[in-house]
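Q: Just to be clear, the model below is a prediction. Sequence and coordinates:
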Amino acid sequence: MRLSYGLIGILFVFSLTNCAWLPKGNDKTHDWSAQQFYNAGKDSLNDGDYEDAIKYYEGLEARYPYGRYAQQAQIEIAYAYYKFGEPESAIAAADRFIRLHPTHPNVDYTYYLKGLAHFSTKRGFLDRFAGEPDLSDRDPQGVRAAFESFRELVNRYPNSRYAIDAADRMAYLLNALARHDIRVAQYYMDRGAYVAVINRSKHVIENYQRAPAVEDALGMMATAYLNIGLNKLAADTTRVLKKNFPNSVYLKSGTDKQKRGLLSRLFK
């Protein structure tokens, strides 16, 4: 099992005499300057040797905690953690840099990198779309955290070179969250839990107004109302559906009682 280098870095601070952390060729680093540590870390980063890059950057900050090289290393170690497959350590490093250097000219990048790290932890959540959805009432934390990081970047630094990509990722994440809720609503629909369908559909409509999944939310909510005999609410909801999605499959006649037929009869 791979140990987190963030933990190793913390232990190093309390044990400066222990040099086991040093990468290959550690005998030559005892008299290195901050620039030499930084250059070695940068070379390792460019070569894709993220493990050694992390070690060099941690060595730099432990031995020379102040100055421009230490500041830059704090940014680049977050990227190294991200590329090394340790998103939690990347997030912690980004948060630390933002806290210590809130006015740094590259702080926008750390918000972006933090979002990317959260974004990478969402994969298991999205992969569940292929199977049965998670029925937990809690929002998927990694997805929401990624969205919040990207939103903070866009709001704080609208002219950042990363703002456009961050906005695109925000739209993707919102759609993913909305689709997740629709999957959950479908799960309830299949089991005849119509009140749960209505509640989940309302959540989509209220929180993801621009997501394509709103069509499904309206259609499923109207169908659920109809199934429990609340015909007026079903008709009102269907009217909204028809106005916004006139070609919706939920409005077409057919044999699928969950998606068609039931609603089309409301407007005969």
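A: Structure received. Numbering: from 1, shown residues only.

Q: quick one, helices of this protein?
A: Here the chain has its helices, by DSSP state H, at 5-13, 34-46, 50-63, 68-83, 87-100, 107-120, 123-127, 141-156, 163-190, 194-207, 213-227, 231-244.

Q: okay, those in CSV with mean pLDDT and distance to Leu251 next?
A: C-beta here means a position set from N, CA and C on the backbone, and glycine is covered the same way. Conversion of the helices of the chain to CSV gives the following (pLDDT from 0 to 100; distance: least, CB to CB, whole Å):
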stretch, mean pLDDT, distance to Leu251
helix 5-13, 47, 53
helix 34-46, 93, 55
helix 50-63, 93, 53
helix 68-83, 94, 46
helix 87-100, 94, 43
helix 107-120, 91, 36
helix 123-127, 47, 29
helix 141-156, 90, 31
helix 163-190, 91, 17
helix 194-207, 94, 16
helix 213-227, 94, 8
helix 231-244, 93, 6
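
Q: Tabulate these in a markdown table, adding columns for mean neighbour count.
A: Listed next are these as a markdown table, based on neighbours: other CB atoms under 10 Å:
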| stretch | mean neighbour count |
| --- | --- |
| helix 5-13 | 16 |
| helix 34-46 | 18 |
| helix 50-63 | 23 |
| helix 68-83 | 21 |
| helix 87-100 | 20 |
| helix 107-120 | 23 |
| helix 123-127 | 12 |
| helix 141-156 | 20 |
| helix 163-190 | 19 |
| helix 194-207 | 19 |
| helix 213-227 | 24 |
| helix 231-244 | 16 |
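
Q: Can you add distance to Lys28 and give those helices back as TSV?
A: Output for those, formatted as TSV (distance: least, CB to CB, whole Å):
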stretch	distance to Lys28
helix 5-13	18
helix 34-46	9
helix 50-63	12
helix 68-83	18
helix 87-100	26
helix 107-120	31
helix 123-127	40
helix 141-156	38
helix 163-190	40
helix 194-207	56
helix 213-227	57
helix 231-244	67
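
Q: out of those, which comes closest to Tyr250?
A: Nearest to Tyr250 among those is helix 213-227 (3.2 Å), distances taken as CB to CB.
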